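Engineer: give me coordinates for this.
(chains A and B)
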Number of protein chains: 2
Amino acid sequence: MKDDPDQHLRETTVSRTELLQGNFLHVVRDTVRLPGGGQATREFVLHPGAVMIIALLDDGRVVLERQFRHAMQAVMIEVPAGKVDPGEDRLVCAQRELLEETGYRASEWAFACRLAPTVAYSDEIIDIWFARGLTVGERTLDEGEFLDVIAATPDELNSWCFSGKVIDCKTLIGSMWLQNVLRGEWTLSWQGAEPGSHAGESGA
Amino acid sequence: MKDDPDQHLRETTVSRTELLQGNFLHVVRDTVRLPGGGQATREFVLHPGAVMIIALLDDGRVVLERQFRHAMQAVMIEVPAGKVDPGEDRLVCAQRELLEETGYRASEWAFACRLAPTVAYSDEIIDIWFARGLTVGERTLDEGEFLDVIAATPDELNSWCFSGKVIDCKTLIGSMWLQNVLRGEWTLSWQGAEPGSHAGESGA
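Structural biologist: Model prediction:
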């Protein structure tokens, strides 16, 4: 670590205490050694990771969901998204979540990037996928999951990000990606629907 | 609730169980009645809310931080941000966090919008502020807080959002806001540094 240019920032883990293993949330408290030499505790959620999908209809509209989010006590507009199952390929996960929540299958996929929603208290990373060549089938929501599927033009979605009608972080960032792609400023590498060698599989 | 168009989505709270009151994280489990009539549990973090600041130097560069985030096990590039103290005005909070973390004071402020980083398991809402007219003073980091202050041009920051050098959600969304403001597509209402009547105070 002698040559580490970030040594003055880096914390090292001393020990871990399990705080909560709930039905949904797994929370730990780590004791860390600070760069300055002292110790501190860091509490955070252990999360398996997730995917989100910017799914484009043939007419250019984006597939969105309206879902009541208990923590927010509000119906939120969001892109389709979901947690990765243990050992699941990220593209397979994106295809599963899109199908389950919206009924859509896509013939082409592109991995865009990653985002970290809550660096202060969760290790969650969300993989951002684009999907196109959509065909509609039947959705199969999880038990206890209720949501409406809607669609918006990229301009509508962008205006909702400005007005505050959309405040969900992954949907805001999805709109940013879409706007940049449509302007030709950010590029995507499209691939078929078969999982295999793709950027989403390797680490960041 | 008879006339509620979202009745088919809305959950109602039946009861709450305290799961964790940590040093930092407060987690509850609510039992909810589902739109379909059954019950389910929702576990989430109770969060006081936060602010983030897109602080612009006179040469147009954005003030950023490099900070080791234990949950991510990485040094992250982020906009200045922090939690709201109990009863604290959002603008006062933004000014306090900017000063504490970076040493900068700003003569002009503009509330942009809000974002929700983790709608599935936290009630956190982050208020997005712009700041300009910066003068540099002395920073006073919290105990156990270590971070570098850097600056980047809006184009640099935008390219880091594309490349994955920036994955923190609030910083990605900050860059989206900045790009749209610089293009003249999204507008801001600038005000002085005195807290008072501003958009950030009222509920969403």
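Engineer: does A:Ala112 belong to a helix, a strand or coil?
Structural biologist: Under DSSP: H, G, I helix; E, B strand; the rest coil, A:Ala112 falls in the strand class.
Engineer: and stretch A:114-130, average pLDDT?
Structural biologist: Average pLDDT, stretch A:114-130: 98.
Engineer: first-to-last residue distance for that stretch?
Structural biologist: End-to-end distance for stretch A:114-130, by C-alpha to C-alpha, to the nearest Å: 12 Å.
Engineer: that one near chain B at all?
Structural biologist: Yes - if you take C-beta under 8 Å from any C-beta of the partner chain as the test, stretch A:114-130 does meet chain B, through A:114-125. Placement of C-beta: from N, CA and C, glycine included.
Engineer: does A:Glu124 touch A:Arg114 like I think?
Structural biologist: No - assessed by C-beta atoms under 8 Å, A:Glu124 is found out of contact with A:Arg114, at 10.3 Å.
Engineer: please say which of these two ends up with more neighbours.
Structural biologist: A:Glu124 (25 against 18; other C-beta atoms under 10 Å in any protein chain shown).
Engineer: doesn't that one lie inside a strand?
Structural biologist: No - judged by three-state DSSP, A:Glu124 forms no part of a strand; its state is coil.
Engineer: now do the same for the nearest residue to it once chain neighbours are set aside: helix, strand or coil?
Structural biologist: Distances taken as C-beta to C-beta, 6 or more residues apart in numbering or on different chains put A:His47 closest to A:Glu124, at 3.7 Å, once the chain neighbours are dropped. Here A:His47 takes the coil state, with states given by three-state DSSP.
Engineer: from what I see, A:His47 and A:Tyr121 are in contact.
Structural biologist: No - shown here, A:His47 and A:Tyr121 do not form a contact pair, counting by C-beta under 8 Å, at 10.3 Å.
Engineer: circling back to that earlier point, for the residue nearest to A:Glu124, give me its contacts.
Structural biologist: A:His47 sits next to A:26, A:83, A:122-124 when contact means C-beta atoms under 8 Å, 6 or more residues apart in numbering or on different chains.
Engineer: by neighbour count, which of the residues you listed wins?
Structural biologist: Highest neighbour count within the contacts of A:His47, by other C-beta under 10 Å: A:Glu124, with 25 neighbours.
Engineer: quick check: beta-bridge partners of A:Ile150?
Structural biologist: Counting by DSSP bridges, A:Ile150 forms beta bridges with A:Leu64.
Engineer: distance check, A:Tyr121 against A:Leu46.
Structural biologist: 11 Å (C-beta to C-beta, to the nearest Å).
Engineer: more neighbours: which of the two?
Structural biologist: Neighbour count, other C-beta under 10 Å: between A:Tyr121 and A:Leu46, A:Tyr121 has more, with 23 against 15.
Engineer: and the gap between that one and A:Asp30?
Structural biologist: Remark: distance between A:Tyr121 and A:Asp30 (C-beta to C-beta) = 12 Å.
Engineer: any shared contact partners between these two?
Structural biologist: Residues within reach of A:Tyr121 and of A:Asp30 at once, by C-beta under 8 Å, 6+ apart, are A:43-44.
Engineer: now do the contacts for the residue minimising distance to the centre of chain A.
Structural biologist: The centre of chain A sits closest to A:Ile126, judged by C-alpha atoms, centre = their mean, with a distance of 3.0 Å. A:Ile126 makes contacts with A:49-52, A:81, A:114-117, A:170, as judged by C-beta under 8 Å, 6+ apart.
Engineer: which one of those residues is nearest to A:Thr140?
Structural biologist: A:Ala81 (16.2 Å; C-beta to C-beta).
Engineer: next, count neighbours for that closest one.
Structural biologist: As a burial measure, A:Ala81 scores 25 neighbours (other C-beta under 10 Å).
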